[in-house]
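J.: model the structure of this input:
(4 chains, ligands or ions: 1)
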Amino acid sequence: MKAAVIVFPGSNCDRDVAVSLERTTGRPPLMHWHADADLPEDLDLIVIPGGFSYGDYLRSGAMAARSAAMAGVRTAAAKGRAVLGICNGFQVLCEAGLLPGALMRNRSLHYICRDVYLRVETTDSIFTGHYAPAQVARIPIAHHDGNYVADLATHCALEDEDRIAFRYCTPAGKVTDDANPNGSLDNIAGILSEERNVLGLMPHPERLADPRLGGTDGQPIFASLMEALS
Amino acid sequence: MTAVEITPAVIAEHGLNAEEYARVLEILGREPNITELGIFSVMWSEHCSYKSSKKWLKTLPTTAPWVIQGPGENAGIVDIGDGLTAVFKMESHNHPSFIEPYQGAATGVGGILRDVFTMGARPVANLNALRFGAPDHPKTRHLIAGVVSGIGGYGNCVGVPTVGGEVNFHPGYNGNILVNAMTVGIAPADRIFYSKASGIGNPVVYVGSKTGRDGIHGATMASAEFNADSEEKRPTVQVGDPFTEKLLIEACLELMDTDVIVAIQDMGAAGLTSSSFEMASKGGLGVELALDTVPMREEGMTPYELMLSESQERMLMVLEPGKEPVAEAIFRKWGLDFAVIGRLTDTGRMVLTWHGDTVADLPIDPLAEAAPEYDRPWEPSPAPAPVDPASVPTVPWTEALVTLMGSPDLASRRWIWEQYDHMVMGDTVQRPGGDAAVVRIHGPAGLTDRGLAMTTDCTPRYGSADPVLGGTQAVVEAWRNLTAVGARPLAITDNMNFGNPEKPRIMGQFVGACQGISAACLALDFPVVSGNVSLYNETEGQAIPPTPTIGGVGVLDDLDRMATVAFKAEGDAILLIGG
Amino acid sequence: MKARVHVTLKSGVLDPQGKAIAQALQALGFDGVKDARQGKVIELDLEDGDTSAAQARVDEMCRQLLVNSVIETYRVELEG
Amino acid sequence: MKARVHVTLKSGVLDPQGKAIAQALQALGFDGVKDARQGKVIELDLEDGDTSAAQARVDEMCRQLLVNSVIETYRVELEG
Ligand SMILES: Nc1ncnc2c1ncn2[C@@H]1O[C@H](COP(=O)(O)OP(=O)(O)O)[C@@H](O)[C@H]1O
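T.: Here you go, the predicted model:
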């Protein structure tokens, strides 16, 4: 699996996800600078990392979505390449129109950093194949703008097409309002594109993919990709 | 520029007393102009000159075989093995945070980060030690909410995890909250950068954000006692731009990988003035700056304003001759301002020009090194009256426990640390909530199985009862918190927060705390490598409790042997050890 | 020439900030606040030129960057 | 009755958002944008009543909550 991580000014989980990718694939990913529109042709996976691209000024992800590199990502996505957006990366993908909906301020208005529980809603994707159906995964969130919104038609399409990848849930796997950390529509934590080759999620799988850090529930995402794309 | 007349009122406004002004006249052999007066006032403020505290700070133990750099640089440095060092310091942003809690706390974090990455270290963790007034004081809620979101807003955006800290509430902080921020960084031992300028003719370069009229008078404000109308004065508050800081970190570290930096210094409080003076003074050189070439954010700025501005996210560097294009390319790539604003000279003087005219000409050494230093009168603090055991009410155990658990000083801090990204960088192996936070050592060569432990500690109640023991206790608690996670304690940074040192009673608290800290450092072989002093924490004559905050750092050689607070298994024995 | 872009959330889109403001005002004892919404204003300082061309350019800026049409609408005011 | 509170940064106060917006517009090829500043608008939906009393109450809301007078200024518009 040949992977690249896009680095925007203000990205700050680029190194973290590179560590996870290297641990999975045995080699460091390509770190691709935002100003460069030309992505290598032979990439299997492009990761848009977490952080505060352009300070999250104006709207989270808005400025990064209009960068030169994102034009390349758009082309690659259209060709069916895998694109993974984590946290700020999810916001960038929504702003770029590669995923539907938008991520608004958390309903508490606070930045929240803590472990949450996610129910795996579909294992039918290159990102989630290594999870068991309805598995509950403990993965941290760390964001200010993770409150997913979409109009009714979009919401229905996501549901009907099995494109909701993860929902916030209780440790026992119940999808409740109390388990919803940010007010997201229908407890949505991550969604897939129509072609299922683009995944955006607010939680950070790279932060719990190493036993040293207290858990490995994020690792199956990288393992799934490794298997699907090698 | 119209000349401002230097009247006694103007002199007083600049915080110089008659004796100090006489010294100015003596050094210059003439009357200063307003720009020069502004420079003197900044350089001789308590904040920059440590004029009340220097005598006592010199008594702190600062050496050990593993100490690479003690107090006197931007941050302290200790050897952590494998060719790496830990670079750390704590700094206060108390007064600005009281006036504008969000921005005050945010820019405090920004400032301490710069102190650490200036030295070539990648910041790997932030901590914060906070003191607020009584929980039911009308201002407390607003202040704590603002401070916590400011610390988070800045630290989260720059992508440095905030892994620990402490919070206390006491009516003694009603009018003067304390916001002490600490940063820990990791640098290769063979690639550390200092502020000492060298090389006559070398270019002096300005990088980062443009200069605006932010916080002019901030440095002098930070050293003057509060009074009722300081809320009215409302000086131009500095606004932090963490995004620019993140770019500055990356650009500086990238430039540090090339061989072009001779010296580097961040522009903290007192911005361009103290950074340029300090660099030239340490190198025993002179400097010429063309102020009109400084990148400016606003129109009509004057030399006075440029020298006193506290705009954030700026750095001053001396480069190897001819290497300007290398540096410029890196800063442009990161979207930052870059300007060659002057050069080093052999005159020992600072000469400032404005479109070709000389607007200030000052001797550097007398200003920087011969700043006033006071041996302020002090009184030892009276011994606390013994508590009569009979006067202590007896309450049932469970009631006492519930009361303690519910008290603001002991209650869970989860709601605070959950607003801080404490996991970014992917190395937080012990999150907030334990005795000390632990961050895996992840140097330029990659991941290791070793860790840095860190903590901040101070119990103001103890300091109020007995400043000497309070100082000792803070150091000892830091040491215990580090050992409790399995770390070998290495060194501390301190942040000395006190009232008005011109009062012998307060000065006595400061002296006592220094004595107490020294005793503990010596006993534990746990030296002070950096620190900060914040005096005049008084409102209407009411001083804060003496608060010598200690930030401790230790190393774990094997993360598999790290200890955590959680009980692990049913049936395990619980032991109580110690006296 | 100055352009002022007023960006507001589309009606129907829940506004967490507005809701929190309304609640905080009520908690402070300001009753009679039925609802609050928060929007933003971006003030642009443009080089002088033809007004209708400026209007078109600012519209284009809104479409390309300043406004997220999934959740927001906008209105432009030109001055000077 | 509707009240619209326009909150802007005091002049001279650094506006990191505005700065980033101006740079982003330039990067997208919109030249001629000399500067940008970002402010906010809070729209309050108030129970009907006397206009001058409303003005005073909204002023009070601004002082107590809506505006950070250290770095911001504001202007109130009443309607209906
Ligand atoms: N302001 C803060 N920011 C981040 N973490 C904090 C803060 N205050 C307290 N903590 C964390 O909460 C835990 C408990 O704090 P404290 O009661 O001061 O611990 P102790 O007394 O054991 O040193 C520690 O892990 C500490 O790092």
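J.: can you confirm B:Gly486 is in a strand?
T.: No: counting by DSSP: H, G, I helix; E, B strand; the rest coil, B:Gly486 is not found in a strand; it is coil.
J.: from B:Met317, how far off is it?
T.: B:Gly486 sits at a distance of 40 Å from B:Met317 (criterion: Cβ to Cβ, to the nearest Å). Heads up, the C-betas are built off the backbone N, CA and C, glycines and all.
J.: more neighbours: which of those two?
T.: Set B:Gly486 next to B:Met317 and count neighbours by other Cβ atoms under 10 Å in any protein chain shown: B:Met317 wins out with 26 against 21.
J.: how about that one, what does it touch?
T.: With contacts defined as Cβ atoms under 8 Å, 6 or more residues apart in numbering or on different chains, B:Met317 is in contact with B:Val204, B:Val205, B:Val207, B:Ile261, B:Val262, B:Ala263, B:Ile264, B:Gln265, B:Ala327.
J.: now with 10 Å?
T.: B:118, B:193, B:195, B:197, B:202-207, B:252, B:255, B:260-265, B:275, B:279, B:327, B:338 (Cβ atoms under 10 Å, 6 or more residues apart in numbering or on different chains).
J.: in strands only, show me these.
T.: Judged by DSSP state E, the contacts of B:Met317 include B:Pro203, B:Val204, B:Val205, B:Tyr206, B:Val207, B:Ile261, B:Val262, B:Ala263, B:Ile264, B:Gln265, B:Phe338 as members of strands.
J.: look up which residues are beta-bridged to the closest residue to the third one other than its chain neighbours.
T.: The one in question is B:Val205. Spatial nearest neighbour of B:Val205, chain neighbours left out: B:Met317 (4.7 Å); criterion: Cβ to Cβ, 6 or more residues apart in numbering or on different chains. With DSSP bridges as the criterion, B:Met317 is bridged to B:Val205, B:Ile264.
J.: so in chain B, which helix runs the longest?
T.: The longest helix of chain B (DSSP state H) is helix B:504-524.
J.: got the angle for the helix or strand following that helix vs helix B:504-524?
T.: Later in the chain than helix B:504-524, the nearest helix or strand by DSSP states H and E is strand B:528-534. On the basis of axes from the mean of the first three to the mean of the last three Cα atoms, to 10 degrees, strand B:528-534 is oriented at 170 degrees to helix B:504-524.
J.: which element follows strand B:528-534 toward the C-terminus?
T.: strand B:538-539.
J.: show me the strands in chain A, by range?
T.: A:3-7, A:30-33, A:45-48, A:82-86, A:102-104, A:112-120, A:136-143, A:147-149, A:164-169, A:188-192, A:198-201.
J.: can you lay out the ones you listed as a markdown table showing mean pLDDT and mean neighbour count?
T.: Output for these, formatted as a markdown table (pLDDT from 0 to 100; neighbours: other Cβ atoms under 10 Å in any protein chain shown):
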| stretch | mean pLDDT | mean neighbour count |
| --- | --- | --- |
| strand A:3-7 | 98 | 25 |
| strand A:30-33 | 97 | 16 |
| strand A:45-48 | 98 | 28 |
| strand A:82-86 | 98 | 27 |
| strand A:102-104 | 97 | 26 |
| strand A:112-120 | 98 | 22 |
| strand A:136-143 | 98 | 23 |
| strand A:147-149 | 97 | 24 |
| strand A:164-169 | 98 | 24 |
| strand A:188-192 | 98 | 27 |
| strand A:198-201 | 98 | 27 |
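J.: ok, and the closest non-adjacent residue to B:Ile200?
T.: B:Asp346 (4.9 Å).
J.: for the ligand, find the nearest of the strands of chain A.
T.: With Cβ to the nearest ligand atom as the measure, strand A:112-120 is the member of the strands of chain A nearest the ligand (10.8 Å).
J.: can you confirm whether that closest one lies near chain B?
T.: Yes: counting by Cβ under 10 Å from any Cβ of the partner chain, chain B is contacted by strand A:112-120 at A:Ile112, A:Cys113, A:Arg114, A:Asp115.
J.: list the contacts for residue 69?
T.: All of this refers to chain A. So, once contact is read as Cβ under 10 Å, 6+ apart, A:Ala69 ends up touching A:4, A:6-8, A:32-39, A:46, A:48.
J.: wait, I meant chain B there
T.: Applying Cβ under 10 Å, 6+ apart, the residues near B:Gln69 are B:Thr62, B:Ala75, B:Gly76, B:Ile77, B:Val78, B:Thr85, B:Val87, B:Met119, B:Ile192, B:Tyr194, B:Val529, B:Ser530.
J.: which one of those is nearest A:Thr25?
T.: B:Thr85 (31.8 Å; Cβ to Cβ).
J.: roughly how far does A:Thr216 sit from chain C?
T.: Using Cβ to the nearest Cβ, to the nearest Å, we find A:Thr216 at a distance of 33 Å from chain C.
J.: leaving out sequence neighbours, find the closest residue to that residue.
T.: In space, and not counting its chain neighbours, A:Thr216 is closest to A:Ala209: 5.9 Å by Cβ to Cβ, 6+ apart.
J.: how many residues are close by that neighbour?
T.: A:Ala209 has 26 neighbouring residues, counting by other Cβ under 10 Å.
J.: pLDDT value on the residue sitting furthest away from the middle of chain C, please?
T.: Farthest-out residue of chain C from its mean C-alpha position, per Cα atoms, centre = their mean: C:Gly29, at 27.7 Å. C:Gly29 is assigned 92 on the pLDDT scale.
J.: so how far is chain C from B:Asp337?
T.: According to Cβ to the nearest Cβ, B:Asp337 and chain C sit 19 Å apart.
J.: for B:Gln238, same thing?
T.: B:Gln238 sits 22 Å away from chain C, taking Cβ to the nearest Cβ as the criterion.
J.: that residue belongs to a strand, doesn't it?
T.: No: checked against three-state DSSP, B:Gln238 lies outside a strand; its state is coil.
J.: now the helices for chain C?
T.: Counting by DSSP H, the helices of chain C are C:16-27, C:51-61.
J.: residues from the stretch 101-250 of chain B in reach of the ligand?
T.: Within reach of the ligand by Cβ under 6 Å from any ligand atom, the stretch 101-250 of chain B has these residues: B:Asn128, B:Leu130, B:Thr162, B:Gly164, B:Gly165, B:Glu166, B:Val167.
J.: mind redoing it with 8 Å?
T.: Selection of the stretch 101-250 of chain B residues close to the ligand by Cβ under 8 Å from any ligand atom yields B:Leu127, B:Asn128, B:Ala129, B:Leu130, B:Val148, B:Ile151, B:Thr162, B:Val163, B:Gly164, B:Gly165, B:Glu166, B:Val167.
J.: now tabulate these in CSV and tack on secondary structure.
T.: CSV is the format used below for these (three-state DSSP):
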residue, secondary structure
B:Leu127, strand
B:Asn128, strand
B:Ala129, strand
B:Leu130, strand
B:Val148, helix
B:Ile151, helix
B:Thr162, strand
B:Val163, strand
B:Gly164, strand
B:Gly165, strand
B:Glu166, strand
B:Val167, strand
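J.: closest one of these to C:Lys34?
T.: Lowest distance from C:Lys34 to those (Cβ to Cβ) belongs to B:Val148, with 30.6 Å.
J.: who's in contact with the closest one?
T.: Here B:Val148 is in contact with A:110-111, B:101-102, B:105, B:128, B:130, B:162, B:165, B:167, B:413, B:415-420 (Cβ under 10 Å, 6+ apart).
J.: likewise for C:Glu47?
T.: Residues counted as contacts of C:Glu47 (Cβ under 10 Å, 6+ apart) are C:Met1, C:Ala54, D:Asp31, D:Gly32, D:Val33, D:Lys34.
J.: count the residues that sit near C:Glu77.
T.: 13.
J.: whoops, B:Cys252 was the one
T.: Considering only other Cβ under 10 Å, B:Cys252 is surrounded by 27 other residues.
J.: and the residue nearest to it when sequence neighbours are not counted, how many neighbours does it have?
T.: Nearest non-adjacent residue to B:Cys252, counting by Cβ to Cβ, 6+ apart: B:Phe117, 5.8 Å away. For B:Phe117, the neighbour count with other Cβ under 10 Å is 29.
J.: from what I can see B:Phe117 touches B:Gly208, true?
T.: No: here B:Phe117 lies out of contact with B:Gly208, judged by Cβ atoms under 10 Å, at a distance of 11.8 Å.
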